[in-house]
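Trainee: here is a sequence together with a model predicted from it:
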Amino acid sequence: EEEGKNPAKANPNAVTLIKKTVKARDGEINKITFYIVKIITKDKTVKILPFLSDGGPKTRESYSSFIKRVKPVAAINGGTFDLEANILTGDVVKNGVPQFVRTDGYEYTETMGVDKNGTPFFADGKIDYALNINGSNVPIVSVNGFRIYGHHSGAAIYTNWYKNKITPENREQIALVKDGAVKKITDSLYPQTLSDDEWALVFNSELKEGDEVSLKILINGKDYSGSSFVRCGPLLVKNGKAYIDYKKYENLNRTMKRGARSLLGIGKDGNFYFIYTPTPVRLNYGTLSLALERCGMFEYVISLDGGGSALLYYKGKYIAKPGRKIIDIVAAVPSGKP
């Protein structure tokens, strides 16, 4: 079977590839070549979603396995991660449910994705996850086994990224949640059996089928509930202009490394973009930011992982193949909706 082949149909004009070469700032390099996948977000035959490694938390997956499993129209590697601990440096949220939450001191404050209507957004600031059960706010203790800093009592959230068995302790219950309500109460569960629109809640309270459960996501106080996004950085283009903040990113060692780069962008046309450059370039000094501004296409651009993690896949072909296994990708997949 051809890698990435999917019976669900996407409008072939909804996802297109652009190659663009622009002059960079004088000094470091002369020109930078970009491969740019344009995704028309108003076309509802495609949907933009993050996908995490098949083995669960703290694991990586080969790029070819990702493509065979996800069957995207186009895909790019996701956020940066610790090569030893296999832990991401920023949050990942899929269809309004957090898959991973980084709480031990955020390395990035930038978030890019699509809201519940599929409209691209960029946000810079604090993320708050608010869980409400039957009208009462409940702290979130952990997400897929990663503890939330500062919370010692409350509810734990699990999605199908989690591969181990979960069993309740003391008076806890496991509740399956779908469409804002408890669908089932169970004594034990392998979350990997859940579908993408289900998640599990472990809570020390009497829950029953039909109980109302809502999960709200706020970034800088603005509601992004139901959205899908990754948190990464640095920010390279802001309001259509090159963005260079040396102080904000002074402790990010990866900005000093020369290498291929993978990026996410929101266009001046309101569409979403996967951007890849094979040209070895650093994230600091502003060279890449200025080159992206000269493309004249983007309102916002943030950096994903790059170097040995760089992946760009488009309609059955690899423009870039990673030299290592990776934890996450961002993909444009057929939605099956005309």
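Mentor: Done, it's in.
Trainee: could you pull up phi and psi at A85?
Mentor: A85 adopts backbone torsions of phi -90, psi -10, taken as degrees, to the nearest 10.
Trainee: same question, C295
Mentor: phi -60, psi -30.
Trainee: count of neighbours near it?
Mentor: C295 has 20 neighbouring residues, counting by other CB atoms under 10 Å. In short, each C-beta sits where N, CA and C put it, glycine included.
Trainee: ok, now which ones touch it?
Mentor: K20, V22, F34, I36 (CB atoms under 8 Å, 6 or more residues apart in numbering).
Trainee: tell me where the stretch 201-338 of the chain is predicted with low confidence.
Mentor: Applying pLDDT under 70 to the stretch 201-338 of the chain flags the ranges 250-251, 337-338.
Trainee: all helices of it, in order?
Mentor: 287-295 (DSSP state H, counting those that start in this stretch).
Trainee: ok, back up a step: neighbour-wise, give me the winner out of the contacts of C295.
Mentor: Busiest of the contacts of C295 [other CB under 10 Å] is F34, holding 23 neighbours.
Trainee: what about D196, neighbour count?
Mentor: The number of residues packed near D196 is 12, by other CB under 10 Å.
Trainee: what of F229?
Mentor: Neighbours around F229, by other CB under 10 Å: 28.
Trainee: got it, and K184?
Mentor: K184 - counted by other CB under 10 Å - has 13 other residues nearby.
Trainee: quickly find the element holding it.
Mentor: Assigned by DSSP states H and E, K184 belongs to strand 181-186.
Trainee: still on that earlier bit, lowest pLDDT pick from the contacts of C295?
Mentor: Note: of the contacts of C295, the lowest pLDDT belongs to V22, at 93.
Trainee: does that one touch A242 like I think?
Mentor: No: the pair V22 / A242 is not scored as a contact, 12.0 Å apart, by CB atoms under 8 Å.
Trainee: T33: how many residues sit nearby?
Mentor: Neighbour tally, T33, other CB under 10 Å: 13.
Trainee: again but with A331, I slipped
Mentor: Quick note: A331 (other CB under 10 Å) scores 24 neighbours.
Trainee: do N137 as well
Mentor: 11.
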